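1. curious how this folds, go ahead:
(2 chains)
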Amino acid sequence: MSSGHTAPLLSVRNLVVEFSTRYGPVRAVDDISFDVYPNETVGIVGESGCGKTVTGLTLLRLIPMPPGRIVQGSIEFDGRDLTKLSEKDLQEMRGSDISMIFQEPMTALNPVFSVGNQMIDVLRRHKNLTRGQARELAINMLDTVGIPAPRKRIDEYPHQMSGGMRQRVMIAMALSCGPKLLIADEPTTALDVTTQAQVMEQIVKLQDEFHMSMILVTHDLGVVAESCDRAIVMYCGNIIETAAIDDLFHKPQHPYTRGLLDSIPRIREERITELPIIRGMVPDLLHLPDGCRFADRCPRATAECRQDKPVVKIDPVTGNGVACYHPMG
Amino acid sequence: MSTLLKVVDLKKYFPVRGGMFHRVVAHVKAVDGVSFELKKGRTLGLVGESGCGKSTLGRAVLRLHEPTSGQIILNGDDLMTLDRQALTAHRRQMQIIFQDPYASLSPRRTIAQTIQEPLDVHKIGTPREREKKVEELLDVVGLRKQVLSRYPHEFSGGQRQRIGIARSLALNPNFIVADEPVSALDVSVQSQVLNLIARLQREHGISFLFISHDLAVIQHVSDDVGVMYLGRLVELASADDLYRQPRHPYTKALMSAIPVPDPNKKSKRIILSGDVPSPMNPPPGCPFHTRCPDAMPRCKEALPPRINVGSEDRPHFVDCHLFAEESAT
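-> I've put the predicted structure just below:
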């Protein structure tokens, strides 16, 4: 999908996002670049604090500023640089061209308005519709995302619905204006596995129907393997590897990606006594090492790794890239 | 191998109050007639989705939640018949590790105070001996002595969980309830803590009731596994048998719903329809019949019996009418 023939829908270049804390500035996202092509699903994976959520939020400028700040870089979407857009223009874009769904649907929905009211608001904000038309469209969307008896449920409040239902409402709302790009931040993390299966199936199906691109931010490599075309692995604010999904899972290049894949508990044919681990822990973002940020935990690290930070080199043919002096090969 | 813990028909109903005079208007049947045995030095894994009652069961077994009815026989004594004082004495041999390492450690106490507290409560040893014991415990869970005078906020999630584990080991218990001990941790740290728990079990012969929503984690740590749904155990078998050949339709759906971290193995999903019914008003008959792909008319009427589909010395229990049919003919 990432062939050079089509232009990317979203192009992020050298993005740096900083938060000021009382201990000094913290770079949550440190010089990352990536592209998302039309109809493509890109996963952003990593552990807590790696910057994946901040990356997703920054695309729509949803981080609180201050304390957050986009220090440098560009976010080009459909030919416009989102970092330079006025707040008003960006508001036009949010929910219509680019939509977002969040991890916790209970906090993302307003508890004092019915689901229908909230959906109608979104639709009328972006489209020239009467209340009645918007309501019909909203009922249609609820039906599309698999909510039974949508005509009745549209007048319910978020607390009357289960977690899976609420997440479906979020999806219906996010897709109601036909966005070109959906940013899904841990959309199924708060859900149980059987509900997660329902919701992920729905998202993937709708993405196809609506011809959207999607950025799926998650810590769950299983979800990535099942629904993404390509994935970006982040560690301490950096992209350390990006690859087509088959390559990433079968030929991971970065020792961290390898370690992450190995340490996922998975159901095995035969039980093992020791799970593979990544030794040590993620360094503190306030005291980052000079060289590679993974060096202290890396089995392949050399003196070189501790001196200079490796940068991602993208292979023009495969579109894959890794930030490592000693890739797994 | 002798039995350490035997639980018979344990029930925990929470009253729901409402209306005028704050009367009890209904009950949430969080645990509704659960029976199982735990052998010395073994681990029973309890798996199920949120709200199935697995955590309540774990707490009811320790009488942290006072059970509504049933028997809990630990080392031959029925805990249900003990008065407060006798129960406190028994508490020495049973401990719990909590899910949230952020909420389960007091922020105002140093690590030394936290780990030493059980020794103080039960007045074990001289102050000097207690200090020495605390140092030993730190060593067991892989933390350095220097951390003793520090406070919980200075530690990462994984380290906090190690501290919680050290505390639970202070009284040399022979039974530990581990309630989602790794769910709040990142995968790379999760496997470190799981390996630690597995090692403790091997070296100290502690029996664990290990509660998790994650089937892969459960497989890794458990000798036997119980699957819970809506307050009941629906399947109970050795881990090997359960994972090789799950029998209950719910267990099968649960297993198929797990995303597999391998893009080539798109698993054949059994997508369950609908949501888990409310435990306040569980459906008549089999609790799973509203979502079961194999439901028969009888499932709506009668609670399924517990059937052993394994052998006498290697039991595999399923609570399902499908197998009642089989054994009848």
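2. hmm, residue A:321 is touching residue A:312, no?
-> Yes: contact between residue A:321 and residue A:312 holds when scored by CB atoms under 8 Å: they sit 4.4 Å apart. All C-beta atoms are positioned from the backbone trio N, CA, C, and that covers glycine.
3. for the residue of the stretch 201-329 of chain A found nearest chain B, give me its contacts.
-> For the stretch 201-329 of chain A, the residue closest to chain B is residue A:222, as judged by CB to the nearest CB, at 3.0 Å. For residue A:222, the contacting residues are A:264, B:258-261, by CB atoms under 8 Å, 6 or more residues apart in numbering or on different chains.
4. overlap in contacts, residue A:321 and residue A:312.
-> A:241-242.
5. element containing the closest residue to residue A:153 other than its chain neighbours, please.
-> Counting by CB to CB, 6 or more residues apart in numbering or on different chains, residue A:153 lies nearest to residue A:147, which is 5.6 Å off, once chain neighbours are set aside. Take DSSP states H and E as the rule and residue A:147 turns out to sit in neither a helix nor a strand.
6. just residue A:252 next, same as before
-> Per DSSP H and E, there is no helix or strand for residue A:252.
7. tell me how many other residues crowd it.
-> 21 (other CB atoms under 10 Å in any protein chain shown).
8. in contact with it, which residues?
-> A:241, A:243, A:258, A:261, A:328.
9. mind doing that once more with 10 Å?
-> Contact partners of residue A:252, counting by CB atoms under 10 Å, 6 or more residues apart in numbering or on different chains, are A:233, A:241, A:243, A:258-262, A:322, A:327-328.
10. residues near residue B:2, how many?
-> Counted with other CB under 10 Å, residue B:2 comes out at 8.
11. apart from its neighbours in sequence, what residue is nearest residue B:241?
-> Of all residues not flanking residue B:241 in the chain, residue B:316 sits nearest, at 5.1 Å (CB to CB, 6+ apart).
12. relative to chain A, how far out is the one you found?
-> Taken as CB to the nearest CB, to the nearest Å, the spacing of residue B:316 relative to chain A amounts to 17 Å.
13. any idea how far the most centrally placed residue in chain A is from residue A:186?
-> By CA atoms, centre = their mean, chain A has its centre lying nearest to residue A:217, at 2.4 Å. Distance of residue A:217 to residue A:186, computed by CB to CB, to the nearest Å: 6 Å.
14. so what sits against both of these two?
-> With CB under 10 Å, 6+ apart, residue A:217 and residue A:186 have common neighbours A:52-53, A:56, A:102-103.
15. who wins for neighbours among these?
-> residue A:52 (28 neighbours).
16. go ahead and confirm it touches residue A:44.
-> Yes: counting by CB atoms under 10 Å, residue A:52 does reach residue A:44; the two are 4.5 Å apart.
17. show me the shaky parts of the chain.
-> Picking chain A for this. Across chain A, the ranges flagged by pLDDT under 70 are A:1-5.
18. um, chain B though
-> B:1, B:266-267, B:325-329.
19. point me to the residue of it nearest chain A.
-> For chain B, CB to the nearest CB, closest residue to chain A: residue B:259, 3.0 Å.
20. ok, how many other residues are close to that residue?
-> Residue B:259: 23 neighbours (other CB under 10 Å).
21. gap between it and residue A:188?
-> In terms of CB to CB, residue B:259 sits 9 Å off from residue A:188.
22. need the overlap of contacts for those two.
-> Shared contacts of residue B:259 and residue A:188, defined by CB under 10 Å, 6+ apart, are found at A:196-197, A:200, A:218, A:220, A:223.
23. ok, which stretches of the stretch 51-200 of chain B are helices?
-> B:54-61, B:84-91, B:111-121, B:127-140, B:157-169, B:187-204 (DSSP state H, counting those that start in this stretch).
24. now swap in chain A and tell me
-> Along chain A, counting by DSSP state H, helices occupy A:52-59, A:87-93, A:105-108, A:115-126, A:131-144, A:150-153, A:163-175, A:193-210, A:221-227, A:245-250, A:255-263, A:303-307.
25. rebuild these as TSV, extending it with distance to residue B:201.
-> Putting those into TSV (distance: least, CB to CB, whole Å) gives the following:
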stretch	distance to residue B:201
helix A:52-59	34
helix A:87-93	54
helix A:105-108	37
helix A:115-126	47
helix A:131-144	48
helix A:150-153	47
helix A:163-175	33
helix A:193-210	26
helix A:221-227	27
helix A:245-250	32
helix A:255-263	20
helix A:303-307	37
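26. OK, contacts around residue A:280?
-> Residue A:280 neighbours (CB under 10 Å, 6+ apart): A:294, A:296-298, B:188-189, B:192.
27. strands of the stretch 151-300 of chain B, start to end?
-> In the stretch 151-300 of chain B, the strands defined using DSSP state E, counting those that start in this stretch lie at B:175-179, B:207-212, B:224-229, B:232-238.
28. elements contacting the shortest one?
-> Contact here means 3 or more CB pairs under 10 Å, 6 or more residues apart in numbering or on different chains; DSSP states H and E; on that basis strand B:175-179 packs against strand B:43-47, helix B:54-61, strand B:94-97, helix B:157-169, helix B:187-204, strand B:207-212.
29. what pairs with that strand, parallel or antiparallel?
-> strand B:94-97 (parallel), strand B:207-212 (parallel) (DSSP bridges).
30. can you show me the CA trace of that strand as CSV?
-> Extracted C-alpha coordinates of strand B:175-179, given in CSV (Å, rounded to 0.1, in the frame of the first residue of the first chain):
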residue,chain,number,x,y,z
PHE,B,175,-2.3,-19.6,50.1
ILE,B,176,-2.3,-16.4,48.0
VAL,B,177,-5.1,-14.9,46.0
ALA,B,178,-3.6,-13.0,43.1
ASP,B,179,-6.2,-10.7,41.7
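31. could you check the angle helix B:187-204 makes with that strand?
-> 170 degrees (axes from the mean of the first three to the mean of the last three CA atoms, to 10 degrees).
32. and for the longest one?
-> Here the directions of strand B:232-238 and helix B:187-204 differ by 70 degrees (the same axes, to 10 degrees).
33. name every strand pairing with strand B:232-238 and say which way it goes.
-> strand B:224-229 (antiparallel), strand B:316-319 (antiparallel).
34. got the contact list for the last one?
-> What it means is strand B:316-319. B:35-36, B:226-227, B:229, B:232-238, B:241-242, B:245-251, B:286-288, B:303-310, B:323-324.
35. about what we covered before: return every residue with contacts to both of residue A:52 and residue A:44.
-> With CB under 10 Å, 6+ apart as the test, residue A:52 and residue A:44 both reach A:185, A:215-219, A:232-234.
36. check those residues one by one and keep those near chain B.
-> When contact is defined as CB under 10 Å from any CB of the partner chain, these meet chain B at A:218-219.
37. farthest-separated two in the shared contacts of residue A:52 and residue A:44?
-> A:185 and A:233 (16.5 Å; CB to CB).
38. compare these two (neighbour count), which wins?
-> Looking at residue A:185 and residue A:233 with other CB under 10 Å, you find the greater number of neighbours at residue A:233, namely 28 against 22.
39. please verify my assumption that that one contacts residue A:245.
-> No: Residue A:233 is not in contact with residue A:245 according to CB under 10 Å; the separation is 11.7 Å.
40. mutual contacts of these two, please.
-> With CB under 10 Å, 6+ apart as the test, residue A:233 and residue A:245 both reach A:43, A:224.
41. which of the strands paired with strand B:175-179 sits most buried?
-> strand B:207-212 (a mean of 26; mean count of other CB atoms under 10 Å in any protein chain shown).
42. OK, contacts around residue 133?
-> With no chain named, the answer covers chain A. Contacts of residue A:133 (CB under 10 Å, 6+ apart): A:120, A:123-124, A:127.
43. other chain: chain B
-> Contacts of residue B:133 by CB under 10 Å, 6+ apart are B:115-116, B:118-119, B:124-125, B:169-172.
44. likewise residue B:74?
-> B:3-7, B:38, B:61-62, B:82, B:90, B:93-94, B:174-175, B:207.
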